[in-house]
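Trainee: structure for the following, please:
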Amino acid sequence: MSTSESALSLRADVEVISLVGFAHGTSHFFHLMLPSLFPWLMRDFGLNFTQAGSLTSAFFVASGIGQALAGFAVDRFGPQRVLFSGIGMFALAAAVLGSANSYAMLFAAAVAAGIGNSVFHPADYTVLNRRVSSLRLGYAFSAHGLSGNLGWAAGPVFMTSIAASVGWRPAAFAAGAVAAGALTLLAVRRGTLSGAADGYQSGAADSGRPNGAPFAFLSSSAVWMCFFFFLVTVMAFGALQNFGPAIVQNVYGVSLRAGASALTLYLLGGAAGIALGGFIATKSQQERVIAGALLAAALIAVVLSTGAIPRWSIGVLFAAMGLCTGLASPSRDLLVRRAAMERFGQQSLGRVYGFVYSGLDVGLATAPLLFGRLMDRGLFNAVLGGVAALQGLAILAALKVGQHALKAQLRPEVEAASTLPRPGA
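Mentor: A predicted model of the protein is given here:
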């Protein structure tokens, strides 16, 4: 490849990565539209922790069901239309939330936002795998995860700042304006996404393996282990996402603002970890990176659960835990790609990613219900212990996926060797 061709390839990759990353950041911003307003919504609607957490559960139940279906839509229609519809649902959800006068309307807003959220993983990863050169895929997944964490970090600051100043209803309508801005940008740059549905960049060619029946991927144990991995890792995250500030406030006797700051540091640490993890993922065995990083995160969660550390170190440890979980993220995405591509090829990426990443939604739907009950019973330390246990299960799942991927990679070589004539035959 000439220098000019290399520059054009880099420019095209950067444009695709940037646009997809912005869309992903928008989706994560809306993950926290409702949880960021829980203090105000609980006060005005008389909700307890379990009722408030149920709104988040509704969001992720809708997202999980929609995500599995959205993968097929992406494979059939391409990512552009699917992304447009998702962001449009975010705008609708914000309008419903801003107009809410009952718990039912809050629930409707959560469901609408969940439907909007369902499209992003299958659409985003299909674009990245098809349009970004293979040498830059690790960095692309890193940027994708980083943008999501930045969206998470921006959400609470944006929503709570407006709610504290002028009320939670204006904050909800302001979130709708964010969705409108994102939709406008995607419309202006729609050629990038529509082009991504038509052809592949170098290094992203189809594997040539038969895709099989539409639901053939459900017979793969590696795909199911990826689903389980996402389920348990995100349950751990969901406990912190929904209740982190209240946990810190009750375990360590600090203000709610200090607890929110600890959550923000966790999210920013995660963003830094994802940025660094992109470089590590391309040069290391993915399952080992995941295991080491999550083991460190689990140990930090155990330390935090004791309640015996000095207050000044709370933010430091939350940031370190976020850094460790972030380090695992790009390796996780490459591991899923290995599991998908070994058997099903490019044309099935949307449905495989849609199903696997629906584990995120199942976990995020389950976490508020499970940990909300512990919160209502005052078992705040136990929540952090649960976070550590779930991260331990994720380590086992990642190692199992790595074993499946290695066996699938070696299988053609073994089969080829078995067909060679034996000496003396």
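Trainee: the host helix or strand of Ala320: what's the following helix or strand?
Mentor: For Ala320, the element it lies in under DSSP states H and E is helix 314-341. Tracing the chain C-terminally past helix 314-341 and defining elements by DSSP H and E, one meets helix 349-376 next.
Trainee: taking helix 314-341 as reference, get the angle to that next one.
Mentor: The directions of helix 349-376 and helix 314-341 differ by 150 degrees, with axes from the mean of the first three to the mean of the last three C-alpha atoms, to 10 degrees as the criterion.
Trainee: flag every buried residue along helix 349-376.
Mentor: With burial defined by 16 or more other C-beta atoms under 10 Å, the residues of helix 349-376 counted as buried are 349-368, 370-372, 374-375. (Each C-beta comes from the backbone N, C-alpha and C, glycine too.)
Trainee: same deal with stretch 246-253?
Mentor: Taking 16+ other C-beta under 10 Å as the basis for neighbour counts, the residues of stretch 246-253 that come out buried are 246-252.
Trainee: model confidence over the helix holding Ala320, on average?
Mentor: Within the predicted structure, the mean pLDDT of helix 314-341 is 83.
Trainee: what of stretch 398-407?
Mentor: 70.
Trainee: helix or strand right after the lowest-mean-pLDDT helix or strand in the chain?
Mentor: Using mean pLDDT, DSSP states H and E, helix 190-196 stands out as the lowest-scoring helix or strand of the chain, at a mean of 62. Where DSSP H and E defines the elements, the next helix or strand beyond helix 190-196 is helix 221-252.
Trainee: counting by contacts, list what that next one packs against.
Mentor: Using 3 or more C-beta pairs under 8 Å, 6 or more residues apart in numbering; DSSP states H and E as the contact criterion, the elements in contact with helix 221-252 are helix 49-77, helix 256-281, helix 286-305, helix 314-341, helix 349-376, helix 380-418.
Trainee: now the angle between helix 221-252 and the fourth one, please.
Mentor: So the one you mean is helix 314-341. What separates the directions of helix 314-341 and helix 221-252 is an angle of 170 degrees, with the same axes, to 10 degrees.
Trainee: in helix 314-341, what's buried?
Mentor: Applying a neighbour-count criterion of 16+ other C-beta under 10 Å, one finds 314-315, 317-341 buried in helix 314-341.
Trainee: what helices or strands is that helix leaning on?
Mentor: Other helices and strands packing on helix 314-341, by 3+ C-beta pairs under 8 Å, 6+ apart, are helix 137-166, helix 221-252, helix 256-281, helix 286-305, helix 349-376, helix 380-418.
Trainee: and if we set it to 6 Å?
Mentor: Other helices and strands packing on helix 314-341, by 3 or more C-beta pairs under 6 Å, 6 or more residues apart in numbering; DSSP states H and E, are helix 137-166, helix 221-252, helix 256-281, helix 286-305, helix 380-418.
Trainee: so which of those helices comes closest to Ser36?
Mentor: Evaluated over the helices and strands packed on helix 314-341, closeness to Ser36 peaks at helix 137-166, with 3.7 Å, by C-beta to C-beta.
Trainee: before I go, just wanted to say thanks for your time.
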